[in-house]
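Novice: how does the following fold in three dimensions:
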Amino acid sequence: QVQLVESGGGLVQAGGSLRLSCAASGRAFSSYVMGWFRQAPGKEREFVAAISRSGGTTYYSDSVKGRFTISRENTKNTVYLQMNGLKPEDTAVYYCAADTGVPTTTPRLAPSYDYWGQGTQVTVSS
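Specialist: Here you go, the predicted model:
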């Protein structure tokens with residue numbers, strides 16, 4: 001069983017920045033592909049970013065590429081999402097997810113992940 005706990009959400013003005021953190025339990029964190037997804041009211045959950053086990057490969061949605069950066073510290077069992085240049089359309093609940101099995105070849109797809117955090121709210125005001 002893996003527990004994921006997100007933190008760092010909040011209210012920010014457009015153009016501002018936030019850094020989300022996701023702390024994972026367990027001793028095998030370095031073997032997990034990690035992802036961030038978000039869900040806005042009335043919309044489906046969508047992919048934001050993902051990172052390989054070593055951190056050497058990252059993936060981003062077109063809507064956040066160039067503004068968001070995903071990173072990880074395997075010694076701290078933590079993955080981060082640095083969000084710069086925030087826009088009102090970034091408002092959503094942000095979820096951290098872990099793929100603890102054979103590393104997925106489809107990190108942009110939610111079913112590739114088997115553990116999810118509870119989410120943290122990000123609100124961007126205009």
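Novice: in stretch 13-27, which residues are buried?
Specialist: Residues of stretch 13-27 classed as buried: 18, 20, 21, 22, 23, 24 (neighbour count, 16 or more other CB atoms under 10 Å). Quick note: C-beta positions are derived from backbone N, CA and C, even for glycine.
Novice: just stretch 92-106 next, same as before
Specialist: Applying 16+ other CB under 10 Å to stretch 92-106 flags 92, 93, 94, 95, 96, 97, 98, 99, 100, 104 as buried.
Novice: so the fifth one makes contact with residue 3?
Specialist: No - under the contact definition of CB atoms under 8 Å, residue 96 does not touch residue 3, with a separation of 10.6 Å.
Novice: intersection of neighbour lists for the two?
Specialist: Listed as contacting both residue 96 and residue 3 by CB atoms under 8 Å, 6 or more residues apart in numbering are residue 24.
Novice: just to revisit the earlier point, which pair of the buried residues of stretch 92-106 spans the longest distance?
Specialist: 92 and 100 (24.4 Å; CB to CB).
Novice: which element is the residue nearest to the spatial centre of the chain on?
Specialist: In the chain, the centroid-proximal residue (CA atoms, centre = their mean) is residue 36; its distance is 2.1 Å. Element membership for residue 36 (DSSP states H and E) is strand 33-39.
Novice: quick one: mean pLDDT for that strand?
Specialist: What strand 33-39 shows for mean pLDDT is 98.
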